[in-house]
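In: Give me coordinates for this.
(one chain, ligands or ions: 1)
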Amino acid sequence: MKILILGGDGFLGWPTAMHLSQAGHEVLIVDNYLRRRLCLEQSVSPLFPVPDLGRRVQLWREITGLSIEARIGDLSDWSFISSVMQGFVPDALVHYAEQPAAPYSMLNRHAAALTLQNNLMATLNVIYGVREFAPACHIVKLGTMGEYGTPNIDIEEGWLEIEHKGRTDKFLYPRQAGSLYHTTKIMDTDMLWLYARVWKIRVTDLMQGPVYGLETYENAGHEELYSFLNYDEIFGTVLNRFIVQAVAGYPLTVYGAGGQTRGFLNIKDTLNCIELAIRTPAEPGQLRIFNQFTETFSVNGLADKVASVGRQMGLSVEIKSIANPRKEAEDHRYIAAHTGLLDLGLEPHVLTDERLADIIRLVMRYKDRIDPNQFLRNIKWA
Ligand SMILES: NC(=O)c1ccc[n+]([C@@H]2O[C@H](COP(=O)([O-])OP(=O)(O)OC[C@H]3O[C@@H](n4cnc5c(N)ncnc54)[C@H](O)[C@@H]3O)[C@@H](O)[C@H]2O)c1
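Out: Numbers count the residues shown, from 1 in each chain. The predicted structure is shown next:
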């Protein structure tokens, strides 16, 4: 198949490009380096440098003999995306290209406006690009479990049947996000659903939990092909931050009571989920939603796990609760359905102590590059 990866320089986009290239697909990547630029602007940097896209695709060719094409450009620029869609005419596209950090979106008005404008315009242009130049193209869109928030009822897989005054109908599951970034993902879903109904586009929206890990099937043994690992308060996700803090001998900073519970998954499972979604596309006019995670952990549970494995490896690990900079429930119900991808054949890689130790070992090799000033940046929701 011809597959377009939007946001292909990112944490998930680059591994996805390699995975689909290795599987025999013709892959074109698009990215505008927004993520790299925002990191520079905020004076945060990943644990180790990663080559630019030109170098990455060159390395990929040298190692595997396979070619991935890459184009640098902004998806919120219609002339750019329309020329890409018209030239390539993808069978499927994977849309990762958004500003993905909740703390960044809550930083100030400028960051909020950038997040809103970038994320919604990119999605709108993708929809129009598909309609005008590749109407059969299956859009695989990355949503987030954060769209649902933490309701006091079970979280279903995208849809909820409601009975009201003796009648029933099916609606998108009620969503209540905890940040502007997550709110843009809700708006994306609403836009996709509108155009699925009126233009019969085919969409799979993957409500993904935080992803951990760096090693994939394709980059094993080639660290120069790894994704970047951010451990700062803005772009770093909780497990990555805890691991780097443990290696640096810095206390694991739990926000508030630490009962915040989320669904997590290994990066290999992200790749498998994307491949499964592409292999069995949504029907024209269908917005198919899967909850993409394999197991749930509370923040306290993750901190305890990192501390326990870290100590077994000789690290001195402390856990410290700090005032929660976010506005969120710290002790709540979290029962979320996630059978759709399992039914398609997903075989989860759960977070064993051995897998965690592998990531800790990788971070230990870069211990000298850890900058503890990046752990806390004092970004408050209110
Ligand atoms: N990483 C996770 O744990 C996680 C969890 C849930 C959902 N997601 C979603 O998955 C997607 C990818 O996440 P990620 O962690 O790889 O983020 P990332 O920031 O590493 O990747 C996104 C990429 O898109 C690019 N991009 C952004 N706007 C663009 C534009 N207008 N034009 C061209 N390129 C643009 C960025 O430069 C970046 O390389 C995001 O949409 C995110 O919301 C990620």
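In: What's the mean pLDDT across stretch 156-176?
Out: Averaging the model's pLDDT scores along stretch 156-176 yields 98.
In: cool, and stretch 54-71?
Out: According to the model, stretch 54-71 has a mean pLDDT of 98.
In: again, but for stretch 81-100
Out: Average pLDDT, stretch 81-100: 98.
In: Identify each buried residue in it, please.
Out: 81, 84-85, 88, 90-100 (16 or more other CB atoms under 10 Å). Yep, even glycine has a C-beta here, placed from its N, CA and C like the rest.
In: what pLDDT does residue 356 get?
Out: Residue 356 carries a pLDDT value of 98.
In: now do residue 378
Out: 88.
In: Look up the closest residue to it, ignoring the ones flanking it.
Out: residue 325 (7.1 Å; CB to CB, 6 or more residues apart in numbering).
In: just checking, that neighbour touches residue 379?
Out: Yes - assessed by CB atoms under 8 Å, residue 325 is found in contact with residue 379 at 6.0 Å.
In: Show me the common contact partners of the two, please.
Out: Listed as contacting both residue 325 and residue 379 by CB atoms under 8 Å, 6 or more residues apart in numbering are 103, 233.
In: tell me the contacts of the residue nearest to residue 378?
Out: 103, 233, 255, 378, 379, 380, 381.
In: quick one, strands of the stretch 151-300 of the chain?
Out: Ranges of strands in the stretch 151-300 of the chain, per DSSP state E, counting those that start in this stretch, are 159-164, 167-172, 202-208, 211-212, 252-255, 261-266, 287-292, 295-298.
In: Convert the first one to PDB, retaining C-alpha atoms only.
Out: When you say that, I think you mean strand 159-164. What follows is strand 159-164 as a C-alpha-only set of coordinates in PDB (Å, rounded to 0.1, in the frame of the first residue of the first chain):
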ATOM      1  CA  TRP A 159     -19.600   5.300  21.600                       C
ATOM      2  CA  LEU A 160     -22.400   5.200  24.200                       C
ATOM      3  CA  GLU A 161     -25.900   4.000  23.700                       C
ATOM      4  CA  ILE A 162     -28.300   6.300  25.600                       C
ATOM      5  CA  GLU A 163     -31.900   5.700  26.600                       C
ATOM      6  CA  HIS A 164     -33.800   8.800  27.100                       C
END
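In: Considering the contacts of residue 325, which is situated nearest to the ligand?
Out: Nearest to the ligand, judged by CB to the nearest ligand atom, of the contacts of residue 325 is residue 103 at 13.0 Å.
In: No further queries at this time; thank you.
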